[in-house]
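# structure for the following, please:
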Amino acid sequence: MKAIGGFFELEIADGDSLYHDGATKLATGRACLNLILQIKKYNKIFIPYYCCNALFEPMVLLGINYEFYSINENFEINENIYLGPNDVIIYCNFFGLKSNYVNKLIAKYEGQIIVDDTHSFFTKGYHDAISFTTARKYFGVPDGAFLYYPEKLPQLSFEANNKISVSHNVNRLIGHNDLAYEQYTAYEDSLDSSINKISLLSEKILKTVNYLSVQKSRNENFDFYHEKLE
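Residues are numbered from 1 along each chain as shown. Here you go, the predicted model:
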């Protein structure tokens, strides 16, 4: 039941698309990985040394064996990895630059790879591989992640994420930057691998984004840095 009266909620216009409309919409990237691992029940997982701690949090939570591998200066796998029949490798599409290489890995590992596309928001999955991306690295939202799963997912029901805060987003907007950063780090520390659907707030905000304009800006920013730094 919805409450009536008292005061009004945030006025956010209805939009048409989340960009990742065809994906399973969860709260965080690690929630996506947690769900994958619970469904697939792998024996062992190979992950890059160069990754965020959040990537192996679900493995610790579920008690799944994992092993690190190294990458070279081109962000490509730097060693021979032997995968057993029920093992999998996680590869990060570093800075969104390695999409062509990702496709080579998908062909090589044939269903035994998970692609972490959290650096590549605008990639809408792959035909023959599980992948996920997240909105928090790209937009001012408290949560939101998108899981692409080539097979049909089991019938699952999750509550929407309601453990969110936008205090840091609001304070950043109005110029209280030091306070905003303190609130941001505290909020980030509060996130975990719980499997919840994306919050209603993030869903409504993301539906208002002009994604073509964002893509244009991100590409222009990248070209600027590349010109200066190569």
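
# rest of the way, CA atoms for contacts and neighbours
OK.

# which stretches of this structure form strands?
Assigned by DSSP state E, the strands in the chain fall at 24-26, 44-48, 65-69, 87-92, 113-116, 130-134, 145-148.

# against which helices or strands is the last one packed?
Going back to what we said before, that points to strand 145-148. strand 24-26, helix 29-40, strand 130-134 (3 or more CA pairs under 8 Å, 6 or more residues apart in numbering; DSSP states H and E).

# what pairs with that strand, parallel or antiparallel?
strand 24-26 (antiparallel), strand 130-134 (antiparallel) (DSSP bridges).

# cool, the fifth one as well?
Sheet pairing of strand 113-116 (DSSP bridges) gives strand 87-92 (parallel), strand 130-134 (parallel).

# thinking again about what came up before, to residue 170, which of the helices and strands packed on strand 145-148 lies closest?
Distance to residue 170, taken as CA to CA, is lowest for strand 130-134 among the helices and strands packed on strand 145-148, at 20.3 Å.

# other residues contacting that closest one?
For strand 130-134, contacts defined as CA atoms under 8 Å, 6 or more residues apart in numbering pick out 28-29, 32-33, 113-121, 125, 143-150.

# hey, C-alpha coordinates of the top helix by length along the chain in CSV?
Identified as the longest helix of the chain according to DSSP state H is helix 211-229. The C-alpha coordinates for helix 211-229 follow below in CSV (Å, rounded to 0.1, in the frame of the first residue of the first chain):
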residue,chain,number,x,y,z
TYR,A,211,22.9,8.2,-23.0
LEU,A,212,23.9,9.4,-26.4
SER,A,213,25.1,12.7,-24.9
VAL,A,214,27.0,10.9,-22.2
GLN,A,215,28.7,8.6,-24.7
LYS,A,216,29.8,11.7,-26.7
SER,A,217,31.2,13.4,-23.6
ARG,A,218,33.1,10.4,-22.4
ASN,A,219,34.6,9.8,-25.8
GLU,A,220,35.7,13.5,-26.0
ASN,A,221,37.2,13.3,-22.5
PHE,A,222,39.1,10.1,-23.5
ASP,A,223,40.4,11.7,-26.7
PHE,A,224,41.6,14.8,-24.7
TYR,A,225,43.5,12.7,-22.2
HIS,A,226,44.9,10.5,-25.0
GLU,A,227,46.2,13.6,-26.9
LYS,A,228,47.9,14.8,-23.8
LEU,A,229,49.2,11.6,-22.3
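
# buried sites along that helix?
Buried residues in helix 211-229, counting neighbours by 16 or more other CA atoms under 10 Å, are absent.

# quick check: mean pLDDT across stretch 37-49?
On average, the pLDDT along stretch 37-49 is 95.
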